[in-house]
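*Asks:* heads up, no residue letters with this:
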């Protein structure tokens, strides 16, 4: 594709500058003060797509707006639905960022900013590949639809509702999602499995006010002690999660997968060294990769109780709170899991404590068939751009909306992550490799060609 | 004592106004920004004592200043050392205070302010009783020494050092401490036992940065999960603390004490109702009062890890921290306890976590003999002021410095708390009953007369 590739090379610098513009918008979805920035980000994306000749809309929702766009109809060609999100995780703790989270900085071949890789930088690769086809070739060889949301980090409620109500508009042959990582540097991957999630907040109320831990200690159930004991009671010594029925519906890892995983060049020692630990504990009987990709987990995401300042305060706190989540694998049902959780919490909660469980959001895991022609097309596009064939992996994270696409649109999903595992998604100093950014655009452009060869 | 009592009655309003002045000084010892307020509080107290004819000094230390004062020598009379503290606990959470913590407010017969009962209001009763003797009688019938410190809430390090180096200056026949509560409204008490304390901060470090809990969960030990499990592992189902040797040196509750405690009008149902709970769990085999006063405890005072804001963040946190403390009873040694704790933590800490234990401070418990003539004198003084004899109780809280007095000065300690159990010490809306304030002054004034009858 000489014209396309020349176009991509000659506009590479502008593409980076435009990405910086998008990254400067602090579109933190959970932050109520960022509401106007959510609208700015959505409008900015629409203004990228509309001039390319796509029928573009910004769609208001009960939450943050959706950006929807459709390319001019190419009869007989397949339709790809490109999904991405413009909301980003909160940037705290701010003091750990080397350069400010919303002041994108190019350094060591990377661009550093909140959202660089998750997901602004990645979804932007598909916008630029469509631009290349439109400007260099006068049109795309396939039909594309974009749906870009602003609530991915909080459960995609508005988009889920939209999918249910407008499945016809989103009808497609495959879904393209770039919101993840390669297997490693220069080791691009097609991800055929995602974990689901059930995210909860647990609030324990003890006495009606903070008490002096000397005067009252021993005579009142301490909610912080109770929280530690309840949270510890959700897992046993072998790393098995202690929720009734938790493992009932788990799709076991196949022998083929065990072999595939084992064949991957995964250096466990280096993995732990990069993360600064001397090893890890987890569910017994599984390898690190198996536990990371294909087994359910229980992780505490936040703890808060009592005095957290400098020095000592002898308080028996009135309340204690935890945020925690289960990562789920196919076919675990988040609602069944949280129902089991409620039963277990009732067992664990001691006298003197009132327990409140808030279910923040849930979504099931996904597995995509490896023999789909769309996956074969994606593999060829990736090899073209990255000069190496992809490996086939699963991913431990959740993209809850992919499960909804799967269920409602009945289309295969191509999970083509251009990021790296050390991109610090959800952490300070999030980054995206500029080389991967440009290779992602190139692979995306090639994907439209490869898909166009599939006759419907 | 008609002249004294008349003096107290006619200056009661001024006494309250002066206390308000002291309570307006935000002398929060742990807050580095309050350093100058610590000096202001010490200077203010010195300016109360000096005009009464006491040789008064403000003594600089490595921490906050000490206030020391000595009354003119009365040969042959016993010497009482009056101890108190002008530092107060942090006032947070600020939004729960009905009136601001450092804007003392008289309401419903109480004075509301941080430090009202702990300990500014209580130590001030002894200053005012000395004033009454000086101004109404021209002098005291006994020798008194004041030692008022600014580090009680953080372990009294400077005063402990001072006691070690200046035991001769502090030499006395009895120590008088008002820094606690009566048994109930109109039920004044002499407290003959105090618990000790060992206060620690536990820091768990997992990976070298916050991670995405989806991409990494299952493959990395989560320090928040580890914290819950470690903290839960410090106590068993029967409420027994799981630290090697923890109970070895515990002085058991005597049969006489069991009977005394049982005879006290303690309404357990009302106690729990007042605190808004439906009961409590604790060490099995002991009553609520026994667990509260005479058994050691383990209370978590603070928890902090990961995301604590609104909504959900799928983070696998890099660190997790807890503050917790053991309340100790005689003869548990805080150093022996923390040594055992270190051994237990090493057992409990999983692979992938680095553990750091910071010992914030420690102090042993105290028991005072009930047959001392000083206790008998205090009982008569209390009956004179409160129109009812005191009950003899123990207290769950710690006054670490009392252990040091006990050990170095070999003097009986009179623990005469004028407060109430619902005074909200260490909590929002701390208060002190104005009636108790004035009765405390009257009892203190009578105490100097009663003590003067004891011939040395």
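*Replies:* Looks like it came in fine. The structure presented is a predicted model; accordingly, all values stated were derived computationally and were not measured. Residues are numbered from 1 along each chain as shown, chains lettered A, B, ... in the order given.
*Asks:* burial measure for the residue nearest to residue A:192 when sequence neighbours are not counted, as a count.
*Replies:* Leaving aside its sequence neighbours, residue A:192 sits nearest to residue A:368 (CB to CB, 6 or more residues apart in numbering or on different chains; 4.6 Å). Where you see a C-beta, it was placed from the backbone N, CA and C, and this is true even at glycine. Burial measure for residue A:368: 23 neighbouring residues, criterion other CB atoms under 10 Å in any protein chain shown.
*Asks:* ok, residue A:368 - contacts?
*Replies:* By CB atoms under 8 Å, 6 or more residues apart in numbering or on different chains, the contact set of residue A:368 is A:192, A:193, A:375, A:406, A:412, A:413, A:414, A:415.
*Asks:* other SSEs contacting the lengthiest helix in chain A?
*Replies:* The longest helix of chain A (DSSP state H) is helix A:434-452. The helices and strands touching helix A:434-452, judged by 3 or more CB pairs under 8 Å, 6 or more residues apart in numbering or on different chains; DSSP states H and E, are helix A:2-10, helix A:12-23, strand A:79-85, strand A:110-112, helix A:120-132, strand A:174-177, helix A:373-386.
*Asks:* Give the rounded mean pLDDT of it.
*Replies:* Taken as a whole, helix A:434-452 has a mean pLDDT of 98.
*Asks:* ok and that helix relative to strand A:79-85, angle-wise?
*Replies:* Relative orientation of helix A:434-452 versus strand A:79-85 (axes from the mean of the first three to the mean of the last three CA atoms, to 10 degrees): 150 degrees.
*Asks:* Quick check: buried residues in helix A:434-452?
*Replies:* By 16 or more other CB atoms under 10 Å in any protein chain shown, the buried positions in helix A:434-452 come out as A:434, A:436-452.
*Asks:* Stretch A:5-20 too?
*Replies:* Under the neighbour-count criterion of 16+ other CB under 10 Å, stretch A:5-20 has A:5, A:7, A:8, A:11, A:15, A:16, A:18, A:19, A:20 buried.
*Asks:* what number of residues lie near the residue lying closest to the fifth one once chain neighbours are set aside?
*Replies:* If I follow you right, that is residue A:15. Closest residue to residue A:15 apart from its sequence neighbours, by CB to CB, 6+ apart: residue A:128 at 5.2 Å. Using other CB under 10 Å, residue A:128 has 24 neighbouring residues.
*Asks:* and if you look at residue A:161?
*Replies:* Using other CB under 10 Å: residue A:161 sits among 14 other residues.
*Asks:* again, but for the one 3 residues further on
*Replies:* Residues contacting residue A:164 under the criterion other CB under 10 Å number 11.
*Asks:* about what we covered before: so which of the contacts of residue A:368 belong to helices?
*Replies:* A:375, A:406.
*Asks:* Can you name the two of the contacts of residue A:368 that sit furthest apart?
*Replies:* Across those, the longest distance by CB to CB is 14.1 Å; it joins A:375 and A:406.
*Asks:* More neighbours: which of these two?
*Replies:* Higher neighbour count among residue A:375 and residue A:406: residue A:375, with 21 against 18, using other CB under 10 Å.
*Asks:* For residue A:414, give the beta-bridge partners.
*Replies:* Residues in a beta bridge with residue A:414, per DSSP bridges, are residue A:176.
*Asks:* so who does it touch?
*Replies:* For residue A:414, the contacting residues are A:174, A:175, A:176, A:177, A:190, A:368, A:374, A:375, A:378, A:447, by CB under 8 Å, 6+ apart.
*Asks:* Only whichever of those residues are buried, select them in PyMOL.
*Replies:* In PyMOL, this line selects whichever of the contacts of residue A:414 come out buried by 16+ other CB under 10 Å:
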select buried, chain A and resi 174+175+176+177+190+368+374+375+378+447
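*Asks:* Could you find the lowest-pLDDT member of the contacts of residue A:414?
*Replies:* Lowest pLDDT of the contacts of residue A:414: residue A:368, 85.
*Asks:* Relative to residue A:179, how far out is that one?
*Replies:* Counting by CB to CB, to the nearest Å, the separation of residue A:368 from residue A:179 is 14 Å.
*Asks:* for the stretch 351-456 of chain A, what are the low-confidence residue spans?
*Replies:* Scanning the stretch 351-456 of chain A for pLDDT under 70 picks out A:456.
*Asks:* Looking at it, which residue is nearest chain B?
*Replies:* residue A:397 (2.8 Å; CB to the nearest CB).
*Asks:* in a strand, that's where that residue is, yeah?
*Replies:* No - under DSSP: H, G, I helix; E, B strand; the rest coil, residue A:397 falls outside any strand and is assigned coil.
*Asks:* for the residue nearest to it when sequence neighbours are not counted, what are its contacts?
*Replies:* Nearest residue to residue A:397 in three dimensions, chain neighbours excluded: residue B:214, at 2.8 Å (CB to CB, 6+ apart). Counting by CB under 8 Å, 6+ apart, residue B:214 touches A:195, A:197, A:327, A:395, A:396, A:397, A:398, B:314.
*Asks:* contacting residues for residue A:330?
*Replies:* If you count contacts by CB under 8 Å, 6+ apart, then residue A:330 has A:193, A:196, A:251, A:364, A:365, A:366, A:367 around it.
*Asks:* near chain B, which residues of the stretch 101-250 of chain A?
*Replies:* For the stretch 101-250 of chain A, the contact set with chain B under CB under 8 Å from any CB of the partner chain comprises A:153-155, A:181, A:195, A:197, A:199, A:201, A:206-222, A:224-225, A:227-229, A:231-233, A:235.
*Asks:* do that again at 7 Å, thanks
*Replies:* Residues of the stretch 101-250 of chain A lying close to chain B (CB under 7 Å from any CB of the partner chain) are A:154, A:195, A:197, A:199, A:206-222, A:224-225, A:228-229, A:231-232.
*Asks:* List only those of those residues flagged as buried.
*Replies:* Among these, those classed as buried by 16+ other CB under 10 Å are A:154, A:195, A:197, A:199, A:206-207, A:209-222, A:224-225, A:228-229, A:231-232.
*Asks:* In helices only, show me those residues.
*Replies:* The helices, defined by DSSP H, take in A:213, A:214, A:215, A:216, A:224, A:225, A:228, A:229, A:231, A:232 from these.
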